[in-house]
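Engineer: No letters, just coordinates:
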């Protein structure tokens, strides 16, 4: 029987928890994993012109690492693709996972960019078009992706998380209500401001804690007495704080998946998240969604006024239902997609 060799090529976005890293996908899916985080230049900011040094180095490495395998899987191709797919052997099946908003591709097709920016975006789009398979992280982007990449096999496979149940903590007493906010990307800061103001006006004794706020968010929210902006936390400290929170609040403007949401499930913390399409596939029975400040306020009141027994029952239910997003299950779905592509293309 022929041995199928698959390799995952990627890097870890430094503002994301390592618990949700794609090395877990490789581990549970019996794939090799090349991690560009071992490079010093991997820490270069994504907005910096120097990031092109990393991109070019990663593309060259991708071509080299794609030798002697049947399939190669790029984790963040829309962040680095330039020329690699054009130089990888045609017999190697190429797969990519798309994370970002597809609007930039639509802008390329309508020529809304100009000059060198249009040129580079076009190259990236043509490189993505060379992929044999594309994985999207939410069903709402599935149809648009199929239209933009008609020659690729496009499927939805959710993002994953490891089992963090070790950090699970039942609540023994309620001295205060601790609500956690996590992350900076696509966060609805106007909503957070409005909610904090409403809580102060209503004299609610709710304590909000913000983890992972960037400099801009810190400057906007630093004056609120009911918000504590937390310093950098290591992985263990972050998960402990998340596990001890009554609630994770996620005011989002866009999402294809959300690491913080899955991390909350993995430690048994209930989630309150914006009612947007990108999170629909990640909701479980204990998750609650809101469309405006008043809805969120009422939901927080209802969720935090429960008896300790009910709160702990919800925490256990959250922990159990969240297991469907564990990397072991996601790796099985991904491996099946690999095999379907390899058999179809007859590598």
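Structural biologist: It's in. None of these values were measured; they are calculated from a predicted model. Numbering: from 1, shown residues only.
Engineer: Mind giving me the packing neighbours of the lengthiest helix in the chain?
Structural biologist: Taking DSSP state H as the criterion, the chain has its longest helix at helix 327-345. Other elements packing on helix 327-345 under the criterion 3 or more C-beta pairs under 8 Å, 6 or more residues apart in numbering; DSSP states H and E are helix 23-28, strand 71-74, strand 93-98, strand 133-136, strand 153-156. Every residue, glycine included, has its C-beta placed from N, CA and C.
Engineer: Identify the residues contacting it?
Structural biologist: 4, 6, 24-25, 27-30, 70-71, 73, 93, 95, 132-133, 135, 153, 155, 157-162, 323 (C-beta atoms under 8 Å, 6 or more residues apart in numbering).
Engineer: Tell me the buried residues in stretch 320-339?
Structural biologist: Using 16 or more other C-beta atoms under 10 Å as the test for burial, stretch 320-339 gives 322, 325-327, 330-331, 333-335, 337-338.
Engineer: which among those gets closest to residue 171?
Structural biologist: residue 322 (17.7 Å; C-beta to C-beta).
Engineer: where does the closest one fall, phi/psi-wise?
Structural biologist: phi -70, psi -10 (degrees, to the nearest 10).
Engineer: quick one: contacts for the closest residue to it other than its chain neighbours?
Structural biologist: Distances taken as C-beta to C-beta, 6 or more residues apart in numbering put residue 265 closest to residue 322, at 2.7 Å, once the chain neighbours are dropped. By C-beta under 8 Å, 6+ apart, residue 265 lies in contact with 161, 271, 284, 318-319, 321-322, 325.
Engineer: before we move on, the earlier item: quick check: angle from the longest helix of the chain to strand 93-98?
Structural biologist: With axes from the mean of the first three to the mean of the last three C-alpha atoms, to 10 degrees as the basis, helix 327-345 and strand 93-98 are set at 140 degrees to each other.
Engineer: wait, isn't residue 319 in contact with residue 268?
Structural biologist: Yes: between residue 319 and residue 268 there is a contact under C-beta atoms under 8 Å: 3.8 Å.
Engineer: So for those two, which residues contact both of them?
Structural biologist: Joint contacts of residue 319 and residue 268 (C-beta under 8 Å, 6+ apart) are 165, 168.
Engineer: Would you mind giving the buried residues of stretch 320-339 as CSV with distance to residue 297 added?
Structural biologist: Output for the buried residues of stretch 320-339, formatted as CSV (distance: C-beta to C-beta, whole Å):
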residue, distance to residue 297
322, 25
325, 28
326, 33
327, 35
330, 34
331, 39
333, 38
334, 39
335, 44
337, 42
338, 46
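Engineer: Tabulate the residues you listed (a markdown table), appending pLDDT and distance to residue 118.
Structural biologist: What follows is the buried residues of stretch 320-339, written out as a markdown table (pLDDT from 0 to 100; distance: C-beta to C-beta, whole Å):
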| residue | pLDDT | distance to residue 118 |
| --- | --- | --- |
| 322 | 96 | 42 |
| 325 | 95 | 38 |
| 326 | 94 | 42 |
| 327 | 93 | 38 |
| 330 | 94 | 36 |
| 331 | 94 | 38 |
| 333 | 95 | 36 |
| 334 | 95 | 33 |
| 335 | 94 | 38 |
| 337 | 96 | 33 |
| 338 | 95 | 34 |
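Engineer: between those residues, which is nearest residue 229?
Structural biologist: Using C-beta to C-beta, those come closest to residue 229 at residue 322, 27.0 Å.
Engineer: What are the neighbouring residues in contact with that closest one?
Structural biologist: 161, 262, 265-266, 268, 284.
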